[in-house]
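> sharing a sequence plus its predicted fold:
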Amino acid sequence: MRQPTSIRKRLFYQLAAVAAVLSLAFVLVVRGVASQAAEGTQDDILAASATAIADSLSSEQGEVTLELPYSALSMLGTINEDRVFYRVTVNNETLTGYADLPVTNAPTRLDTPAFSTEIYRGDEVRLTSILRRVSNSATGSKVVVTVAQTRSGLAAITQRITVTATGVGLLFFLLATTLSLLAATSALRPLSRMTGAVTRRGPSDLRPVTEDTPAELAPLVGALNSFMARLRSSLTRTEDLITEAAHRVRTPLATVRTQAEVTHRKLNKPEHKQAIRDMIRAIDESSRSAGQILDHAMVTFRADSLALDPLDLAALITETCDRLAPTADLKDIALLRKLPDGPVPFKGDGIMLQAALHNILDNAIKYSPEDSDITVRIEVNSALHLSITDQGRGFGDMDFESLTTRYARGANVGDVVGSGLGLTIADEVARAHGGRLELSHNKEGQGACVSLILPYV
Amino acid sequence: MRVAYFALRLITALSMWAGAASGFEIEDRQIYNAASESSVLRIISTADRAVFEPIIFAFQQANPGISVDYTITGTTDLMKAIYEENAAFDLAISSAMDLQTKLANDGFARSYLPTNAASLPDWAIWRDQLFAFTQEPAVMVVSDTYFSQGAAPQTRDALIALLRANPEKFRGRIGTYDVRRSGFGYLMATQDSRTSETFWRLMEVMGRLDAQLYCCSGEMIADVASGKLALAYNVLGSYAASELATTDGFQIVELTDFVNVMLRTVLIPSNATNVDDAQAMVDFLTALRTRPDLVAASGLPPVDATALQDNPALRPIRFGPGLLVFLDQLKESKFLRSWENSIVQETP
């Protein structure tokens, strides 16, 4: 799977790359300028030396002669310990100095030093030549004074400056990188603050986001808020619809049923009584189906934003059993409760759990024969096991998996009316709580066992 | 100072060897065999045997296994041997700073940083190739016959005045180096001429008084001690000091206007083959200050920056390309011409 890209990382890398480029440019520029300056200094001193030598040229009895000034060479030794060579030529004949010193860049204009770099005696040397005219004869003589110096001092200076510049550049880079890390974090702080504010909310908190919003995020937050507002009104409408539907379906059905019973008592003809009994049965069935459909809608709706309220499961079971007790009594079915003493604390959605329990018990009562037992049991170990065991016809050979799918019914229930939603509701409630629904046969004989297995959160 | 267990023998075939193809002149050659020889260090040097022998013995004591082949020659011949003839030596020791500087400048020396470099003054090492190990002032030596204790002139001006005032007393009785024959004499004369104009006046006066010219400090000191000379100018101070220990009849005068201080230097020629031992010897020599016994035995004053600070008149000659100037052919011939004009007036 692709890692989601991080704005912080991208920001940091881009700033660090900019810092690296700037540091490198700094090092190169400093080194270039410094070595140019050092070379310029060497050239200046060489030119001064050559000029000093040229100034001491004179003619003596028609011959060019030279009184080499001490300072002309000693000045070259003042800033470094480089080797020094010189050569003076008169009309291309060596007058004095190192006769093999190469003068490739011969000066063409008087008193304008010409520079070149050569290899001489195994070392790189910088040469400066100056052209002079000495009037020793009618035509005068062309004298070239060349002074050369090796460049190890220059190399040492350049090296030193490079090391310093590199050090400063590296320091600059590290500092800039640290600062860009801080800058990236600081720039994204409003974003993470908003992220925190939104993620801290509960699942059903759909209030608009009111945190301080940077201008760049304002459209996003606006869109989010309007989306949440629409969602909230939509949810509210759904909830209202369910409540309204329950009310609108159940109340008229209850009225019709009451009227039918009254009519049943008043009638005398057995065929009429039978017709009314069938009617009452159909009404019961409709009422039950409508109840289950609404329960299912309610469970689906609540599962999206599961409430985790602390509740006592024992009390919940007791209440549900009490509510179903009249129906059970009609068939002389005993609801046995095997609960631990005292409350069974659990965190979950009480309404959903009650719906699940109600549907399972209702199923059990429906499929149990008259004068039998239904046992509700709670066992607590690593998870909470809530099981309901009856002595009815059981699940037969039916595949347990398919029983929990919507509107699926057992193969052996043809004579009993049902919507096939009861176990689906129970299964969805178990899943919403992170648990599961387990179906099995009654281990103590005929019948089925339905277990809700709920992990502690 | 002779160490008994080191075999010592003089090469008898010296004359034969010297007469061979080599063009430089050998004054003396001595091989100091190690008890169990593992390598041979060939030294060419301008220092006399008596001066250098204690150092060789001490070196061999610290480094047993190294035989030392010690060849003595003049400063100019040493230069010739290495510069022109590419003679095979592992170490060159000379009192001619200018010639040694030229050797290093022109690429005839090998670089090395002595282990005790940090303790040496900056001016004692040049280019990591030239290592000074002594500082030897050029002094004036005066005879007891002519000057009572402390009566000798203390400055060049006073000396000139004295000579001018007593021409008859000093005629023919003044000695100095023949700078045409002595590299040390030439170095000192050129440095004098750089430092002060009094040099040329002094040469003029000495020439008028028929100055005697010498090749070497030893002879000048001997003639002063015997009374044959009244004074000798620009004598190597270290020789004078060691002579004074055994000979009477003269005094050493360090002039107070300025005293040129020559640095005796050692370098490792670029064609040296036994570089390790040569470097060991460079380390040994540059640490001479830490061996007072050797200083006393050899009479060589070691490099010592504090001695120079104590006496402001002492001017150590600085290494650098400036020393190449008086080696320039034109410059040298001009200087010698001026010098001859000043001092050799009487020669027909």
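Received the coordinates, thanks. Numbers count the residues shown, from 1 in each chain, chains lettered A, B, ... in the order given.
> helices or strands up against the helix or strand that A:Ser23 is a member of?
Under the criterion of DSSP states H and E, A:Ser23 resides in helix A:7-55. Helix A:7-55 is packed against helix A:70-74, strand A:84-90, strand A:123-134, strand A:141-150, helix A:152-187, with contacts defined by 3 or more Cβ pairs under 8 Å, 6 or more residues apart in numbering or on different chains; DSSP states H and E. Heads up, the C-betas are built off the backbone N, CA and C, glycines and all.
> check which helices and strands the longest one sits against.
When contacts are defined as 3+ Cβ pairs under 8 Å, 6+ apart, helix A:152-187 packs onto helix A:7-55.
> contacts for the next helix or strand after the helix it packs on?
Counting by DSSP H and E, the next helix or strand C-terminal to helix A:7-55 is strand A:57-60. With contacts defined as Cβ atoms under 8 Å, 6 or more residues apart in numbering or on different chains, strand A:57-60 is touched by A:Val64, A:Thr65, A:Leu66, A:Glu67, A:Val88, A:Arg132, A:Val134, A:Ser135, A:Asn136, A:Val143, A:Val145.
> up against chain A, what does the stretch 151-300 of chain B have?
When proximity is defined by Cβ under 8 Å from any Cβ of the partner chain, the stretch 151-300 of chain B lies next to chain A at B:Arg194.
> circling back to that earlier point, among the contacts of strand A:57-60, which ones are buried?
In the contacts of strand A:57-60, burial by neighbour count holds for A:Val64, A:Thr65, A:Leu66, A:Glu67, A:Val88, A:Arg132, A:Val134, A:Asn136, A:Val143, A:Val145, counting by 16 or more other Cβ atoms under 10 Å in any protein chain shown.
> can you tell me which of these are up against chain B?
With Cβ under 8 Å from any Cβ as the criterion, these include A:Thr65, A:Leu66, A:Glu67 near chain B.
> quick one, helices of the chain?
Chain wasn't specified; assuming chain A. For chain A, applying DSSP state H gives helices covering A:7-55, A:70-74, A:152-187, A:189-199, A:218-266, A:270-304, A:313-330, A:350-367, A:400-403, A:422-432.
> other chain: chain B
Remark: helices assigned in chain B by DSSP H are B:14-18, B:49-62, B:75-83, B:97-105, B:156-165, B:167-170, B:183-195, B:198-208, B:217-226, B:237-246, B:275-286, B:292-298, B:305-310, B:329-343.
> ok so, going back, and the helices and strands packed on helix A:7-55 as JSON lines, adding distance to B:Ser193 and mean pLDDT?
Formatted as JSON lines, the helices and strands packed on helix A:7-55 follow (distance: least, Cβ to Cβ, whole Å; pLDDT from 0 to 100):
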{"stretch": "helix A:70-74", "distance to B:Ser193": "10", "mean pLDDT": "92"}
{"stretch": "strand A:84-90", "distance to B:Ser193": "21", "mean pLDDT": "95"}
{"stretch": "strand A:123-134", "distance to B:Ser193": "25", "mean pLDDT": "93"}
{"stretch": "strand A:141-150", "distance to B:Ser193": "23", "mean pLDDT": "94"}
{"stretch": "helix A:152-187", "distance to B:Ser193": "29", "mean pLDDT": "90"}
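> just the ones of the ones next to chain B among the buried ones among the contacts of strand A:57-60 in strands?
If you go by DSSP state E, those have A:Thr65, A:Leu66 in strands.
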